[in-house]
Structure formats: structure tokens, C-alpha cells
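**Student:** any chance you could fold what I've pasted below:
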Amino acid sequence: MIPIKIETLLEGRKVEQSRIEYKEGFNPSDIIHTICAYANDIAGVDGGYLVIGVKAENGIPVLPPLGLQNEQLDDIQLKIFQYCNKIEPRYIPKIDVVEYEGVYLICLKCAAGDAGPYQAPVDVYSKKEAGKEQKRTMKYWIRPASLTTEAKQSELAGLFEKFTSIPFVDRINSRASMEHIRRGYLEDFIRESNSSLIEELNVRTLEDLLISEEVAEEKDEGITIKNIGLLMFGERPDKLIAGTKIELVRFYDQEAEASDFTEKTFYGPIWKQVKDTLDYIETNVIEEKVVKIDGRAEAERFFNYPYNALEEMLVNAVLHKNYKEDVPVEVRIYLDQIQIINFPGPEHYIDMEKFAAGKVRARRYRNPKIGEFFKEIDLSEKKSTGISKILRELKRNGSPPPDFETDADRTYMIATIKIHEKFMNSDFSQKNERSLSEVLSEVLTKKDYDKVSAIVSYIEEHGSITPREAEKITKKSAATVRRYFKILVGTKYVAAEGNTNNIIYHVSENFI
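**Tutor:** Presented below is the predicted three-dimensional model:
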């Protein structure tokens, strides 16, 4: 629903008349032009409102309004939606049916768009016929004052500059409301950043805290939330900013990756996505080897993948993502490497050879506001030091240098960290220093681990177990035991061997 009351719009309170347009009836082209103009918001007033069913004289509504017939309401709303699809890029306002003094009106809230500039056809009735589209004249519509007009040549430069000068994450999100923000995430961030706002958490409203963090603004109609507010403190920012998530895929067979893999998606505020993804990798992927070298007092210690390098690489992907694009950050974990895929790639002026050597300093930054927030909770360091840190951490661990791949148009970036070579050398193979029960207690939920703990203990003591032995020690039916083994095999740390009538379960090679 549109938060502002219809009385406020009709009686000229709080909202300036230049931000309200009244239509006695439904003229599709005229209405779409006005919607497009509000979306372009050339005057910088955060769009405006359009009320259908009200006659106006010199911009002032004639009251009481004539209203609309009940049978018109659904048809008009449907047509508005259909014709808004002809606005480029697509823009849909909030639409509400309201009752005022016994008549029905249709009210549209057209907030300033964040993906423009927007253009709409002069005639919305132009359509495709016989596989060929009629010539459709598109115009950029604006409202420099209280009238909708097409943008003149001299105004187009300013219109384009408006949308290029404000970073996407700093723009108001017209669909966002306070319901999309989770106070707990905001408080967690404030505490983690050791902000001065900690002392005021118990006395400040959520609205006050968002304004203090400069992720929301106070308008006549109430609080408006910026994209950065959703990204940092939203319950599910991906529902309003598509692609705002991290997708992780882990492959267990290099030769048949399409059939043997697990997937996991991380949602929530982007800083929490990063932390949750890194926690998963640290728990389930990163391993340390301790190798005793003859003639040396100290053992050699190294990791398959250094955590700090992965952290910096993932932070950079989230930090430099284009949040206008509906594509997530991807993490792909293979047997011998980890890839982090981001869209888009580096700016065209960046020399990739210098970039890979950590010798490039960016002239501009894609999401400077996100960078500032990340620095507050120590997820990001000084500008242009990310690649240098990755190189330093890989060298310290004895790992190969990273690979950075992009295309000529810089539409993507694939950053690859290769596994430490000694993890691929059988001479250094040794059992995981932690017990099977310790690892499975971390991988499985407590509920699932409690179910299989007796079976795990038996495997640790005897090396393997049969279904009959499992039934005996768990005192469960054969069907229940099969479900338990399915849980264990699903972790990839327990493997089955033999046929159905003579099957045994033991520790798999993945645990070695």
C-alpha cells in the first residue's frame, strides 16, 4: 500500500503540488509519460504521485472528485502494468485503489528510479504486427516543474549525468520499506564496528539509526531507504536487488562434476554473506598439514588454501560487484582449486598484467560506500591493497600465485587460487589430525549427529560397519538405519562398498 493518505494528496498537505498530477480519466499515453517523468526525477524531488479519477483546474483538484466506476478499477490497473512494460528500462510504480468520500480513485506512487534514464513511447498503442514491430518513437520524459514534457537536447546531458553521477548503492530504493530491514543485523554491525551509536541502541528508533548510518533519508512521506541500507541491513536484500547473494558449489569428482557436487546459497546482508561463506570454507574445506622434516627441530606447517587470501578475494568480489546486474557472486570449489567469479570484471583502463602483480591503483571505485562499511568491521583494508595482500598470503603459505581471467569486454572476473602442491603429492598424504566424530559433529546438525553418533563411534573403533551391526548398536529398524547411512554418505566422509546384500561402510578417501 502507498503509505501516504489520499487526503494528504488531495488537500495539498506535506506534498508539493508540483509532485502531484491529477487525471479525470484514463489516457494511457499521457499517464505513462508522467510515470516516466517521475521516474527520471530531473528536479531531484524523489518522484511524485498521480491520482486518477480527479479533475483538476490549473493543477488544483476539483473536489469532491468524480471518481471511477467500480468495473473500471481492475482494467485500468492491468493496463497501467502492461503499458509500464514499454518504459525502458522497465519501471513499475506502486498502485493502490483508495476510497474517498464515497468514490474510488487509483493512486500511483512514482518514486525516483534507480536504473535510468527512462524513456517511454510517444504512443503506447504501438505494437508488433505480423512479426514486425511498428516504428515506435521513444522519448525521455521529464517534469522540470509541474508539467510533463519531453526532454530537450540541452536537458538530455543533465539527465544522463544524473544517473551516472550517483552510484547505484547510494540511490533510494523505491520498493523498500522498514519491513525489509532487520534491526538485529544493524545492531550487530554497530557493535562489531565499535560505533559510538552503541550507547544509544536502547533509546534510538530503527529509523533514527538508519538515518545516522546514512542509509536512509527522511522525506515528507516518511523514511526512504537507500540500496546500501538494504545491502547492509536487509533481511533478504536479494528480493529487492536481484543477484545479491553468494552461490557456492563444491565438486567432489574432477571428471564428473555435473553429477557429484553440493550447492549452498548464502543470503542476508552482504557482510554477513561474506562471513558465513568464509566460515563454511574454513570449517569444511581448509586443511592444515604438519610435516616433520628430518634434521629440523621445527615441523613444516602449511594449508591447502590460506584463509586470509580467500577472505580478501571474496571480499573484493562482493565489494566490486555491479549490484544492478542480476547475477550472484559464485564460489566454485574443485579438488585442486577454488574459483571466485564476479560480474563485471576490472575497468577497461586497468592493465591486467599489472593488476595480477598488485601494481595497479584504481582511479575510481565501483562501490565506495560499501568499502567504507567493510572497513568499519575490518573486512576491507586500504584502497588498492587487496591484490597485494592475496599475493603476500599465498607466498607465505608456499602456494602458487593466483590466476585472474576476464574477457575483452571485462564482463566478468574469475579469480583462482590453486591448492598447495603438497596436498596433491601422495608422499605427504596423512590422515586428518581430527577424529571422524569431531569433523562430523561440525558438518552435521546436532539432531542428525545425535542419530548417527553410535555408528560413527563404531567405525572409529573397528574401521567399518555393516547394516546388521548398525541395527544392533542403535536398536533401530533396517529402514531407519538406511536413513542414517544416507546421512553419513551425504557428508562424503563415509563411503559404502559392496553390493546390497554384502555392503559395508567405512571412512572415505575424502577424510584422508
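**Student:** could you use CA atoms for every contact and neighbour count after this?
**Tutor:** Noted.
**Student:** burial of Asn70, as a residue count?
**Tutor:** A total of 11 residues lie near Asn70 under the criterion other CA atoms under 10 Å.
**Student:** that one: what's it in contact with?
**Tutor:** Tyr104 (CA atoms under 8 Å, 6 or more residues apart in numbering).
**Student:** could I get the average pLDDT for the top helix by length along the chain?
**Tutor:** When the chain is parsed with DSSP state H, its longest helix is helix 446-462. In this model, helix 446-462 has a mean pLDDT of 91.
**Student:** same deal with stretch 140-151?
**Tutor:** Stretch 140-151 shows a mean pLDDT of 90.
**Student:** in the stretch 151-300 of the chain, mark out all the helices, start to finish.
**Tutor:** Secondary structure of the stretch 151-300 of the chain (DSSP state H, counting those that start in this stretch): helices located at 153-165, 183-192, 206-212, 227-233, 270-284.
**Student:** so can I have JSON lines of those showing mean neighbour count and distance to Asp96?
**Tutor:** Output for those, formatted as JSON lines (neighbours: other CA atoms under 10 Å; distance: least, CA to CA, whole Å):
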{"stretch": "helix 153-165", "mean neighbour count": "13", "distance to Asp96": "28"}
{"stretch": "helix 183-192", "mean neighbour count": "17", "distance to Asp96": "28"}
{"stretch": "helix 206-212", "mean neighbour count": "18", "distance to Asp96": "25"}
{"stretch": "helix 227-233", "mean neighbour count": "26", "distance to Asp96": "24"}
{"stretch": "helix 270-284", "mean neighbour count": "17", "distance to Asp96": "32"}
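**Student:** picking that back up, what comes up buried for the longest helix of the chain?
**Tutor:** Tyr449, Lys451, Val452, Ser453, Ile455, Val456, Ile459 (16 or more other CA atoms under 10 Å).
**Student:** thinking again about what came up before, take the helices of the stretch 151-300 of the chain and lay them out in TSV including distance to Ile42.
**Tutor:** Formatted as TSV, these follow (distance: least, CA to CA, whole Å):
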stretch	distance to Ile42
helix 153-165	6
helix 183-192	32
helix 206-212	24
helix 227-233	20
helix 270-284	31
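**Student:** neighbouring contacts of the longest helix of the chain?
**Tutor:** Against helix 446-462 from outside (CA under 8 Å, 6+ apart): 436-437, 440-441, 464-465, 470, 473-474, 484-485, 487-488, 506-507.
**Student:** please apply the same query to stretch 98-115.
**Tutor:** With CA under 8 Å, 6+ apart, stretch 98-115 has contacts from 2, 6-7, 35, 38-41, 45-54, 64-70, 73, 89, 91, 93-97, 163, 168, 171-174, 324.
**Student:** which among the residues you listed end up buried?
**Tutor:** Buried, going by 16+ other CA under 10 Å: 6, 35, 38-41, 46-54, 65-68, 91, 93, 95, 97, 163, 168, 171-174, out of those.
**Student:** quick one: which of these sit in strands?
**Tutor:** Gly48, Tyr49, Leu50, Val51, Ile52, Ile95, Val97 (DSSP state E).
**Student:** dump these into CSV; add pLDDT as well.
**Tutor:** Listed next are these as CSV, based on pLDDT from 0 to 100:
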residue, pLDDT
Gly48, 86
Tyr49, 88
Leu50, 92
Val51, 93
Ile52, 94
Ile95, 90
Val97, 91
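**Student:** which of those sits closest to Ile225?
**Tutor:** Within these, distances to Ile225 taken as CA to CA reach their minimum at Gly48, with 16.3 Å.
**Student:** mind listing what that closest one touches?
**Tutor:** If a contact means CA under 8 Å, 6+ apart, then Gly48 has Arg19, Ile20, Tyr38, Lys109, Cys110, Ala111, Ala112 as its contacts.
**Student:** top of those by neighbour count?
**Tutor:** That'd be Tyr38 among the contacts of Gly48, by other CA under 10 Å, with 32 neighbours.
**Student:** and that one, how far from Gly234?
**Tutor:** Look at Tyr38 and Gly234: by CA to CA, to the nearest Å, they are 26 Å apart.
**Student:** and for Thr164?
**Tutor:** Taking CA to CA, one finds Thr164 at 25 Å from Gly234.
**Student:** can you pull out the low-pLDDT segments for the stretch 51-200 of the chain?
**Tutor:** 127-136 (pLDDT under 70).
**Student:** all strands of the stretch 201-350 of the chain, in order?
**Tutor:** Assigned by DSSP state E, counting those that start in this stretch, the stretch 201-350 of the chain shows strands spanning 216-219, 222-225, 246-251, 261-266, 288-291, 300-303, 329-333, 337-342.
**Student:** now what about the fourth one, what contacts it?
**Tutor:** Counting by CA under 8 Å, 6+ apart, the neighbours of strand 261-266 from elsewhere in the structure are Lys245, Ile246, Glu247, Leu248, Val249, Arg250, Phe251, Tyr252, Asp253, Gln273, Asp276, Thr277.
**Student:** got CSV for the contacts of Gly48, with distance to Met313 too?
**Tutor:** As requested, the contacts of Gly48 are exported to CSV (distance: CA to CA, whole Å):
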residue, distance to Met313
Arg19, 45
Ile20, 48
Tyr38, 40
Lys109, 41
Cys110, 39
Ala111, 36
Ala112, 34
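**Student:** show me those residues that map onto strands.
**Tutor:** Per DSSP E, the contacts of Gly48 map to strands at Ile20, Lys109, Cys110.
**Student:** show me which of the residues you listed is closest to Ser126.
**Tutor:** Cys110 (23.4 Å).
**Student:** what pairs with that closest one across the strands?
**Tutor:** Gly48 (DSSP bridges).
**Student:** just to check, Asp123 is in contact with Ile32?
**Tutor:** No: between Asp123 and Ile32 there is no contact under CA atoms under 8 Å: 9.5 Å.
**Student:** can I assume Tyr104 sits in a helix?
**Tutor:** No: membership of Tyr104 in a helix is not supported by DSSP: H, G, I helix; E, B strand; the rest coil, which gives strand.
**Student:** please report phi then psi for Pro28.
**Tutor:** Per-residue torsions, Pro28: phi -50, psi -50 (degrees, to the nearest 10).
**Student:** was I right about it contacting Ile80?
**Tutor:** Yes: using CA under 8 Å, Pro28 is in contact with Ile80, at 7.3 Å.
**Student:** those two: who's more crowded?
**Tutor:** Ile80 (21 against 16).
**Student:** give me the helices and strands touching the helix or strand that one falls within, please.
**Tutor:** If you go by DSSP states H and E, Ile80 is part of helix 73-84. Secondary-structure packing of helix 73-84 (3 or more CA pairs under 8 Å, 6 or more residues apart in numbering; DSSP states H and E): helix 28-40.
**Student:** could you give the angle of the helix it packs on to strand 48-52?
**Tutor:** Relative orientation of helix 28-40 versus strand 48-52 (axes from the mean of the first three to the mean of the last three CA atoms, to 10 degrees): 160 degrees.
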